[in-house]
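> Quick one, what's the 3D model for this:
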Amino acid sequence: MRAVHRFEVRPAKGHPDTRGDSARRAAEAIGINPTAVHTAAVYLIEADLTAADSDHIASGLLANPVTESITLGATTVPGVQTIEVLPQPGVMDPAAQTVRAAIEDLTNATDTHAVTGRRYDFTGITAEQADTIARRLLANPVVHDIHTQPFCPESFPHAHPREQRAETIPILGKSNEELLAISKQGAFALNTEEMRTIQAHYQTQGREPTLIELESLAQTWS
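Coordinates of the predicted model:
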């Protein structure tokens, strides 16, 4: 069944949480003193996956079985302030691209979508302090979404294709004066002779040039 599958990968018991330690020190530097910070890498994968596929992905792709533990779904940690940071839709996510390709190699899934993020669980701070830490230290609100609980969407947003039309510049049949005016208006810096040459070429093509074509010619001849 096509759904969004959530995986959380965190340091195994007895192994250091270096990201958590770094986040705690950064918070202390701005005057907020959490008693502990634990982190997990978050992988959201939208695909048709069987239970066997999920186990295969968990054990063979997303986590190192020696140093990490992995959980399918969102874990509940009482008494913490959770901050989860994920890229906004449309923002480049290279790690997710790698995961998506690997999953399609490991399983029969096709048309897979993935998002990666980071979960932080802070102990000993308030919700207001958590918001300050998130916006000042952990995320850029321009490109990141900030969640105060595990993000478990039913599906990912998908962009709808829209028709793309190239802008054309009418030059066929234009006089020398009109061609020069078009060049000046478009900042092409082409003289009358150059515009005439372009006009003659597109006359043989039986069409008007596009804006990008004229700009390319102008740059080439500059």
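> how about the nearest residue to A36, chain neighbours excluded?
T123 (4.4 Å; CB to CB, 6 or more residues apart in numbering). Yep, even glycine has a C-beta here, placed from its N, CA and C like the rest.
> Contact partners for the one you found?
By CB atoms under 8 Å, 6 or more residues apart in numbering, the residues touching T123 are 34-37, 79-81.
> By residue count, which strand of the protein is the longest?
Determined from DSSP state E, the single longest strand within the chain is strand 36-48.
> Mind checking the pLDDT average for the next helix or strand after that one?
Next helix or strand after strand 36-48 toward the C-terminus (DSSP states H and E): helix 51-57. When pLDDT is averaged over helix 51-57, the result is 89.
> circling back: what pLDDT does the model give the residue nearest to A36?
We have a pLDDT of 98 for T123.
> now the one 5 residues further on
In the predicted model, E128 carries a pLDDT score of 97.
> how about the helices in the protein?
18-29, 51-57, 94-106, 127-133, 176-185, 192-205, 211-221 (DSSP state H).
> of those helices, which approaches F151 most closely?
Closest approach to F151 among these (CB to CB): helix 94-106, 13.8 Å.
> packing partners for that closest one?
Applying 3 or more CB pairs under 8 Å, 6 or more residues apart in numbering; DSSP states H and E, one finds that helix 94-106 makes contact with strand 36-48, helix 51-57, strand 113-123.
> can the ones you listed go into JSON lines with extra columns for distance to Q203?
Output for those, formatted as JSON lines (distance: least, CB to CB, whole Å):
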{"stretch": "strand 36-48", "distance to Q203": "51"}
{"stretch": "helix 51-57", "distance to Q203": "59"}
{"stretch": "strand 113-123", "distance to Q203": "47"}
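> Those: which one's closest to R135?
For these, proximity to R135 was assessed by CB to CB; strand 113-123 is nearest, at 12.8 Å.
> ok now that closest one, how far from the chain's centre?
Counting by CA atoms, centre = their mean, to the nearest Å, strand 113-123 is centred 14 Å from the centre of its parent chain.
> do stretch 106-123 as well
For stretch 106-123, the distance to the chain centre is 12 Å (CA atoms, centre = their mean).
> Was I right to think Q81 contacts Q129?
Yes - if you go by CB atoms under 8 Å, Q81 and Q129 touch, sitting 7.5 Å apart.
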